[in-house]
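Student: sequence unknown, structure follows:
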C-alpha cells in the first residue's frame, strides 16, 4: 500500500445525504462538500459516488468538477467504506475489508450497513481491478496509515475494540494486516482523539508526512483529556523505529480549542441509534490532522479557531513542495468525521507512474 | 454515429430482472443472459449494468466474463435506454434521448420509467464522455440503424407513433435526427415486424451489413401478415439510394415459423399494464434480424426452428469475415425483444482506432 503522499490517479468520495449524520437534510454538508470536491479537483480527478435517488442533485452540484457515479451507500465516509488500494508497481488491486458501521451490533453507529459493505467491491469493479476480500475481518480505511515503506500505524482502541474483530488476538490481527498491506512493522498507538466515536481512528490523530516523518495531534493544555492521550502517542512514536529502522521525526499539530455540539445543531439531525448523534453539548473530536494529501497539495480542515493559523503555518513548513489549503468544513465535521474521512486516494499504478 | 459493424470499444448490457418482462422471476432469462454475455465477451469487453438489489446475483453469474456495474434501471433493453454513441473521429460522445417505455402514457409498456430515463446519462458519466440531451425528443436506440456514411433507416409506425413525439412533424423529426446523428439521408420504412409491441422498431426487421448492403426480415408465405409488411419494405429499399447515392444490396432473411406465447409461459409472468405481457396465444415478433454485430462476430438468435439453419447460412455468406454464432435466447425473447435489443455498442473513438 503506497503512502497517501505518493502520486494519485484520483480521489474517490461519496455524496453526503444522511439526515442523521448531517443536519437539515444534509443540505449544509452538501454545500460544504461541493467546495471541498472543487478544491481537490484542482489537483487530481475526483469521482463522487452517489445513491440513485440523489444522482441528479449530486450531478448538478459537482458534475462540473467531478465524475459522478451511481453507487449505493449507507453513509458518507469513503475513507472507511471504500477500497484500500495496493500495487505491486505494475498493477493496482483493491482490498475490500469487512465493514460494520464502526462497531456492528456492539457499538456501531447505524443499521443496516449492507450497501456500505459493497462499496469497495463496486469501486474495484468500476476500475476493473481485482479485489481481495479478507475473510471475517472488519477494518476501516481511517484506522490505518502507512508510510509506503513497510510501516503501519494503528490504534489499540479501534483495532482491538469489541465491535471489530473480538475473535482475533492482536497477533492474528497483525498477521492479516501484514499480509494484505505488505507491511513489516506495526506501531500501535493506544487511542485516537478524545471522544472520537470511531473508537479512535488513527487518521484523526496521526499522519505520515513522508517516510520517517509524521504529524501528531497535540495540545499544550495539560488539563485537557487530550493531553494525556497525545503525550502517550508521542512517547510511543519517539521510542519506536519504523520498518526501515529510522527514528521518526514528529511534528506536533495543535488541536483547536474544544468544540461542542450546539443545541441548535443537534436539533437539525435525526436520531439513528443510542450512539448517534451525540447529545447537545458533547465535545466533538476536532483535529487538523484529518487532512487529505492530494497531488501537489495538502487540504486541511479549518475550524474558525485561533489555532487555524498555526496549523496552516506548520503544514506549509513540513510540506514545502505542496500547496496548503484550509477549508471550513464545519458542516461535514458535524457528521463525525472530516476531510480525510471523506476521501480515498487511488494511487497511480506502476505502469502509469 | 458509426455503423454497428465498425470496431467496438465494448458492449453494454443490462441484467434481466423484471418479473413481468420475463417469466418465473427472470431466473430463466438470467440463465440465457449469462450464456449470451459470455459469448459476446469472447469478442469484445462486456459491461453489465445492474440494479443495486441484484448486484451480487449478477456479479456471481457474469463477473467472470464481464465488468459488472451498479446502474439503476427499470428494464432490460439496453439498446433502447442506453446512450447512442457518436464520434468525430477523435472523441466519443453520447446522446441521451428521452425514453418513455415505448409510448409513455399512450401505449407505453410500464410505469414509471424514471430510472431508465437516466441510464444513458450515467453511461456517459462512467466513461467520462460528454452527453447530448435533445430536448423533448423521445427515441429508442432500437428504432434507428445507420450505415456510418450518412444513411439512417427508421420506421414510420414507431417514429411517427402517438406515444413518441406527436407534437413534431415528420420533417421536424428528421431535423433532429440529422443534427444529432449527422446523417443526410433518412429512409422511412412503413412498419416493423408484425405485432412488435415497440410500434415496430427497425432493428427487428432491417440491419446494415455494411455500407450499401443490408438484410431484411422476410417470409415467403404470402398468407402471413408479415409478407405484405416485408414486401413493402423491400419495395422501398429497392427504390431508394443511400446517402452516398448507392442502390442497396438487400438480403432476405427468412423469419422462423410463427411462435405463440403459451399459457404456461404467460402464467409465469406478472401483469404490469394492459399492454404487457400479451395474452397467451399471442404471436411473438420473432426475427433473425435482431442479431448483434460484435467485433469479428455476428451473434444471432436461434428459435429452435427449421429456419435457424437457413439464417445461419445466409449470415455466414454475407459476413465471410466474421464468426457467426447462433444462441437460443427464447427466455429473453419472451420479454419482447431479442439479442440486438439487449446490447449497445460503444464504438472505438478515433484516437484508439
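Tutor: Good, I have the coordinates. None of these values were measured; they are calculated from a predicted model.
Student: Surely residue A:252 is within a strand?
Tutor: Yes: according to DSSP: H, G, I helix; E, B strand; the rest coil, residue A:252 belongs to a strand.
Student: what does stretch A:215-230 contact?
Tutor: With contact meaning Cβ atoms under 8 Å, 6 or more residues apart in numbering or on different chains, stretch A:215-230 is reached by A:190-194, A:204-207, A:209, A:233-234, A:237, A:250-255, A:258, A:287-289, A:314, A:318. The C-beta positions use only the backbone N, C-alpha and C, and glycine is treated the same way.
Student: of those, buried ones?
Tutor: Among the contacts of stretch A:215-230, the ones that count as buried by 16 or more other Cβ atoms under 10 Å in any protein chain shown are A:191-194, A:204-207, A:209, A:233, A:237, A:250-251, A:253-255, A:258, A:287-289, A:314, A:318.
Student: Restricted to helices, list those.
Tutor: A:233, A:237, A:314, A:318 (DSSP state H).
Student: got a markdown table for these, with pLDDT too?
Tutor: Listed next are these as a markdown table, based on pLDDT from 0 to 100:
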| residue | pLDDT |
| --- | --- |
| A:233 | 98 |
| A:237 | 98 |
| A:314 | 98 |
| A:318 | 98 |
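Student: Return the member of those residues nearest to residue B:125.
Tutor: residue A:318 (37.3 Å; Cβ to Cβ).
Student: Return the distance of that closest one relative to residue A:253.
Tutor: In this view, residue A:318 and residue A:253 are 9 Å apart by Cβ to Cβ, to the nearest Å.
Student: Kindly report the same for residue A:276.
Tutor: If you go by Cβ to Cβ, the gap between residue A:276 and residue A:253 works out to 27 Å.
Student: can you pull the contacts of residue A:114?
Tutor: Residue A:114 touches residue A:74, counting by Cβ under 8 Å, 6+ apart.
Student: what do you get for residue A:123?
Tutor: A:12, A:49, A:71, A:82-83, A:94.
Student: And it, how far from chain B?
Tutor: To chain B, residue A:123 is 11 Å away according to Cβ to the nearest Cβ, to the nearest Å.
Student: Let me know the pLDDT of that residue.
Tutor: Looking at residue A:123, its pLDDT is 98.
Student: helix/strand/coil for it?
Tutor: Under the three-state scheme (three-state DSSP), residue A:123 adopts helix.
Student: re earlier: with distance to chain B as new columns, can the ones in helices among the buried ones among the contacts of stretch A:215-230 be given to me in a markdown table?
Tutor: A markdown table is the format used below for these (distance: Cβ to the nearest Cβ, whole Å):
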| residue | distance to chain B |
| --- | --- |
| A:233 | 40 |
| A:237 | 41 |
| A:314 | 37 |
| A:318 | 35 |
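Student: so which of those would you say is closest to residue A:102?
Tutor: residue A:233 (20.5 Å).
Student: Please list all residues in contact with the closest one.
Tutor: A:189-190, A:205-206, A:216.
Student: From residue A:139, how far out is it?
Tutor: 20 Å.
Student: ok, residue A:28 touching residue A:331?
Tutor: Yes: proximity of residue A:28 to residue A:331 meets the contact threshold set by Cβ atoms under 8 Å, at 4.2 Å.
Student: Flag the shaky bits of chain A, pLDDT-wise.
Tutor: By pLDDT under 70, the weakly predicted segments of chain A are A:350-353.
Student: where exactly do the helices run in it?
Tutor: So, for chain A - with DSSP H - the helices run A:27-41, A:55-62, A:78-81, A:104-107, A:114-117, A:119-126, A:156-159, A:170-181, A:225-239, A:263-267, A:308-318, A:330-333.
Student: Buried deepest among those, which one?
Tutor: helix A:78-81 (a mean of 28; mean count of other Cβ atoms under 10 Å in any protein chain shown).
Student: The closest residue to residue A:49 other than its chain neighbours: how many residues sit nearby?
Tutor: Nearest in space to residue A:49, with sequence neighbours left out and distances taken as Cβ to Cβ, 6 or more residues apart in numbering or on different chains, is residue A:71 at 3.7 Å. Residue A:71 is flanked by 28 other residues according to other Cβ atoms under 10 Å in any protein chain shown.
Student: And the furthest pair within the contacts of residue A:233?
Tutor: So, those by Cβ to Cβ: farthest apart are A:190 and A:216, at 12.7 Å.
Student: what sits against residue A:204?
Tutor: Here residue A:204 is in contact with A:142, A:192-193, A:196, A:198, A:217, A:285, A:287, A:289-290, A:338, A:340-341 (Cβ under 8 Å, 6+ apart).
Student: Residues of chain A that sit close to chain B?
Tutor: By the rule Cβ under 8 Å from any Cβ of the partner chain, the part of chain A lying against chain B is A:52, A:55-56, A:59, A:63, A:67-72, A:115, A:118, A:121-122, A:125-126, A:128.
Student: now with 10 Å?
Tutor: Neighbours of chain B within chain A, by Cβ under 10 Å from any Cβ of the partner chain: A:45, A:47-49, A:51-53, A:55-56, A:59, A:63, A:66-73, A:114-115, A:118-119, A:121-122, A:125-128.
Student: Nearest to chain B: which residue in the stretch 251-353 of chain A?
Tutor: Residue nearest to chain B within the stretch 251-353 of chain A (Cβ to the nearest Cβ): residue A:346, separated by 14.7 Å.
Student: beta partners for that residue?
Tutor: Beta-bridge pairing for residue A:346 (DSSP bridges): residue A:10.
Student: Kindly tell me how buried it is, as a neighbour count.
Tutor: 22.
Student: just residue A:90 next, same as before
Tutor: Residue A:90, neighbours per other Cβ under 10 Å, totals 10.
Student: thinking it is in contact with residue A:348, fair?
Tutor: No: assessed by Cβ atoms under 10 Å, residue A:90 is found out of contact with residue A:348, at 11.4 Å.
Student: ok so, going back, give the intersection of the neighbour lists for residue A:190 and residue A:216.
Tutor: A:233, A:236 (Cβ atoms under 10 Å, 6 or more residues apart in numbering or on different chains).
Student: Just give me the closest of the contacts of residue A:233 to residue A:176.
Tutor: Of these, the one sitting nearest to residue A:176 (Cβ to Cβ) turns out to be residue A:189, at 18.4 Å.
Student: dump the residue contacts of the closest one.
Tutor: A:153-158, A:200, A:202, A:205-206, A:216, A:229-230, A:232-234, A:236-237, A:240.
Student: Distance of it relative to chain B?
Tutor: For residue A:189, the distance to chain B equals 36 Å [Cβ to the nearest Cβ].
Student: Quickly list what that residue is bridged to.
Tutor: residue A:155.
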